[in-house]
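Colleague: Following is a predicted model, sequence given first.
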Amino acid sequence: MAETSDTRTPAQIEADIKRRRETLAETLDEIGVRVHPATIVGDAKAKVVAQVDHTVGRAYVSANRVVSEVKAQLVSEEGAPRLERIVPVALVVVGVVGLFAVSSRRRKH
């Protein structure tokens with residue numbers, strides 16, 4: 001239970017005031033650190049880096065999954081290429097590249 005002002009001695013009052021000043025000074029120092037521009041920028045950078053790391057990690061996992069799925073379609077379990085699947089894909093790629101080449105030539109002329 002807190003003592004009332006009439007039962008405390010001047011020394012107790014001074015000690016209480018000193019403690020409260022120290023607590024207030026610590027609180028103000030902490031607030032100063034939190035609102036300092038360098039702290040705000042550092043916190044923002046840390047959040048961005050964490051988000052980018054998370055996004056890059058997810059992208060890597062997705063890309064790795066796609067590569068594995070494509071590889072499974074084009075290579076047998078023994079590691080031999082599946083020509084019946086590779087040849088049509090290669091022909092489509094060559095056809096698309098050829099169309100781009102022809103269309104870029106037409107644009108130049």
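Modeller: Received, thanks.
Colleague: what's in contact with stretch 79-91?
Modeller: Outside stretch 79-91, the residues that touch it by C-beta atoms under 8 Å, 6 or more residues apart in numbering are Gln73, Leu74, Val75, Ser76. C-betas here are computed from N, CA, C, even on glycine.
Colleague: Let me know the closest of the residues you listed to Gly98.
Modeller: Nearest to Gly98 among the contacts of stretch 79-91, counting by C-beta to C-beta, is Leu74 at 21.4 Å.
Colleague: helices or strands next to the strand or helix carrying Gln73 in the packing?
Modeller: Under the criterion of DSSP states H and E, Gln73 resides in helix 37-74. Secondary-structure packing of helix 37-74 (3 or more C-beta pairs under 8 Å, 6 or more residues apart in numbering; DSSP states H and E): helix 83-108.
Colleague: if I read this right, His33 contacts Asp43, doesn't it?
Modeller: In this structure residue 33 is Val, not His. No - contact criterion C-beta atoms under 8 Å: Val33 and Asp43 do not qualify, at 11.1 Å.
Colleague: on that earlier part again, let me see the mean pLDDT of the helix holding Gln73.
Modeller: Per-region confidence: helix 37-74 scores 93 on mean pLDDT.
Colleague: What is the distance between it and the centre of its chain?
Modeller: Helix 37-74 sits 6 Å away from the centroid of its parent chain (C-alpha atoms, centre = their mean, to the nearest Å).
Colleague: relative orientation of the helix or strand harbouring Asp16 and helix 37-74 in degrees?
Modeller: Applying DSSP H and E as the criterion places Asp16 in helix 10-35. Going by axes from the mean of the first three to the mean of the last three C-alpha atoms, to 10 degrees, helix 10-35 is angled at 40 degrees with respect to helix 37-74.
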